[in-house]
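S.K.: quick check, what structure comes out for this input:
(one chain, ligands or ions: 2)
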Amino acid sequence: MVSRVIPVEAFDLVIFGGTGDLARRKILPGLYRRFIAGQMTDDSRIIGAARADLTDDIFRKSVAEAIEEFVPANRRDPKLIADFLARLHYVAIDAQGDGGWAQLKGLMRRNVVQAYYFSVAPALFGDLALRLKSHGIADDQARIVVEKPFGRDLASARALNATLAQHFHESQIYRIDHYLGKETVQNLMAVRFANILFEPLWKSEYIDHVQITVAETVGVEGRGAYYDKSGAMRDMVQNHLMQLLCLIAMEPPYHFDPDAVRDEKLKVIRALDPVGPLDIVRGQYLAGAGQGSYLDHCEDPTSRTESYIALKVHISNWRWKGTPFYLRTGKRLRARASEIAITFREPPHSIFDDAKGWRENVLVIRLQPDEGMNLMVMIKEPGPGGMRLAQVPLDMTFADALGPEAEDVPDAYERLVMDVIRGNQTLFMRGDEVEAAWAWTDPIIAGWEQRGDRPQGYDPASSGPEDALMLMHRDGRRWREIRE
Ligand code: NDP
Ligand code: BG6
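M.R.: Ligands and ions are numbered 1, 2, ... in the order given. Sure, this is the predicted structure:
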C-alpha cells in the first residue's frame, strides 16, 4: 500500500504556550514529522509565543532538543531538522498584557492560512481570543485551536463558548479531543460505515452489551494539582470515553462531513440516561509496587477525587434501548490497554444437543496498543467425538494486515493540526456537543458530591476496585481482562 501525502496550503501557525509541555512533547515534534513527510509547503511557518523573552535562535534550539527527545532516532535527519527549524519564529507575548502583539501582527501574512493554537491554561483562552481581535491580528478566516479541558462543568463551558463566540465564528473554532485524532478511533467509523457486515446487527436486538475500557499504568504524579480538581470523570469520561461511545452508538451520518458527523454524535449524548449511584464505582489507587498512592501525589491528603471510574450507561433511543454500555477508565492499572468490546446475544435457538463450550460472539476493537480487531466466533472443536464447540478469534492486527505503513501513522496531534490547516472540523468537538456532554456529566458528579461518597481504594497493577466487578456481576456479565 502506498501512502499519499497531500501537502496542505501554506500557513502561519502561532502556538501560544509554544514553550510548554504539550508543545514540546506533542505539537512541535508532530509538526516536524509532518514536515519530513512532505505535508508542509516551503513557505509555511510556525511561530512560538509565550511570556519568556527568547530569541528565534533560542526557541529553535529548544525545539531541536524536543525533537531529539520525542522523535525516534530513525526519523531524525540533521539536514531536515535544520530546514524545519528555519521555519520557526518566536514572539514574547503575555496573553494578559499588550506587549508583543504589534510584533506578532507584523509577522502574520494575509495570503496564507492563519491558525492560532491555544496551548496555555484555559483561564487564558478568553484573553487570547480578545487580543487577537482587538489588535487586528486574526482575520475572518483565521482558525483557533482550543485545548482541553473545555470547562469543568456546563456553566463554565457555556461561558467559554460565549466568550470565544464574541470574537470567532463556530466554523473558526477547533476544540481538541486528541482521541478523535487517533488512527484507530477513526477506524471505528470506517469499520462501521464502510462495511455492510456489521450494520444490520448493530442494535440492541443483537447486541447484549458494550464495554469501553481505557486503562492506564501511569499515575497522576506531577499533574496532581490539575488532576485533583478534575478526576477521571472530568478528565477522561466527559470527553474521550464519551467520544468513543458516540462513534459506536451514533446513526450513520449522511456523509463524512463535519456537521453531519457531529449532529449524529450530539443526538447520542442527548439520549444518554441519567446515571444513578448504583451504576457508578469510583476508585483511588493505593500505594504499592514501590510507588506512592494517589493521595501522595495530590495536595489534599483527604481528597475524594477518583483516579478510576466505572459506569453503566443506557442510551434511550430505538437502536439501543436494553443494551447497557459499561465504561471504565483508570490510572495505575495493571496494563495500558484501551479497547471496545461489543458482545452479541445468543442465537435464538441452538441446533446442537450439547452446546457445551458455547460462548457469545464478541467484536473487540483494540485502540492501543497493538491496534486491531478480533472477532470471536464459534467453530467446531477439531477431532472426532461429535460436535463440540470452541471459540476462536478472527484476528486482524493492523500492523500485520497493512504492513510497515500501519506502524508509521501520524500521531493524533499531528493529524489534528493538519486538519486545522485544511479547515476540516470533523474530528473536533462542536460547542453544543461539549455543552451536552457536560449537561449529562454534571448531575452525576453533583450526586456523589452531595452524598459525600468516598472512592474505594484499589491496588496498583490491579483491574480497579472490587466494586467495579460487582457492577457487571450483578447483571450476570463480567469485564474483559485488562491486558496488553
Ligand atoms: P505548561 O504549563 O507546560 O505550559 C504553559 C505554556 O503557556 C508555557 O509556554 C508558558 O510559557 C505559557 N504561558 C503561561 N502563561 C502565559 C501567559 N500569560 N501568556 C502567554 N503564555 C503563557 O502547560 P501544558 O503545555 O502542559 O498545557 C497547555 C494546555 O494544554 C493546557 O490547557 C492543558 O490543559 C492542555 N493539555 C496539556 C496536555 C499535556 O500533556 N501537557 C494534555 C492535554 C491538554 P511562559 O511561562 O514563558 O509564558
Ligand atoms: C489526557 C488526560 O487527555 O489523556 C490524561 O488528561 C490521560 O490524564 C491522557 O493520561 C491519555 O491519553 P492517551 O493518548 O495516552 O491515551
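S.K.: show me which residues of the chain sit near ligand 2.
M.R.: Within reach of ligand 2 by CB under 6 Å from any ligand atom, the chain has these residues: 148, 216, 235. In short, each C-beta sits where N, CA and C put it, glycine included.
S.K.: neighbour-wise, which of the residues you listed leads?
M.R.: Asp235 (23 neighbours; other CB atoms under 10 Å).
S.K.: the nearest residue to it once chain neighbours are set aside in helix, strand or coil?
M.R.: Closest residue to Asp235 apart from its sequence neighbours, by CB to CB, 6 or more residues apart in numbering: Tyr227 at 6.5 Å. Following DSSP: H, G, I helix; E, B strand; the rest coil, we place Tyr227 in the helix state.
S.K.: now do the contacts for the residue of the stretch 251-400 of the chain found nearest ligand 1.
M.R.: With CB to the nearest ligand atom as the measure, Lys331 is the residue of the stretch 251-400 of the chain nearest to ligand 1, at 13.9 Å. Going by CB atoms under 8 Å, 6 or more residues apart in numbering, Lys331 touches 216-220, 232, 285, 294, 307-308.
S.K.: now, which of the residues of the chain next to ligand 2 sits nearest Glu381?
M.R.: Using CB to CB, Glu216 is the member of those that lies nearest Glu381, at 37.2 Å.
S.K.: now do the residue lying closest to that closest one once chain neighbours are set aside, the pLDDT please.
M.R.: Closest residue in space to Glu216, ignoring its immediate chain neighbours: Lys331 at 5.0 Å, by CB to CB, 6+ apart. Lys331 carries a pLDDT score of 97 in this model.
S.K.: repeat for Asp408
M.R.: 68.
S.K.: which helix or strand lies directly C-terminal to the lengthiest helix in the chain?
M.R.: Secondary structure of the chain per DSSP state H: the longest helix is helix 431-451. Going down the chain from helix 431-451, the next helix or strand is strand 456-458, by DSSP states H and E.
S.K.: contacts for that next one?
M.R.: Applying CB under 8 Å, 6+ apart, the set of residues contacting strand 456-458 is 281-286, 293, 308, 330, 464-467.
S.K.: go on, stretch 235-250?
M.R.: 148-150, 177-180, 185, 188-189, 192, 210, 212, 214, 227, 261, 264-265, 267-269, 309, 311, 313, 315, 319-320, 325, 327, 329, 340, 342, 367, 429, 437-438, 440-441.
S.K.: start to end distance for that stretch?
M.R.: 22 Å (CA to CA, to the nearest Å).
S.K.: from the contacts of Lys331, keep the buried residues only.
M.R.: 216, 219-220, 232, 285, 294, 307-308 (16 or more other CB atoms under 10 Å).
S.K.: give me phi/psi at the residue of the chain found nearest ligand 1?
M.R.: Residue nearest to ligand 1 within the chain: Gly20 (2.2 Å; CB to the nearest ligand atom). Backbone torsions of Gly20, given as degrees, to the nearest 10, read phi -80, psi 180.
S.K.: what number of residues lie near Gly452?
M.R.: 7.
S.K.: try the one 5 residues further on
M.R.: By other CB under 10 Å, 16 other residues sit near Gly457.
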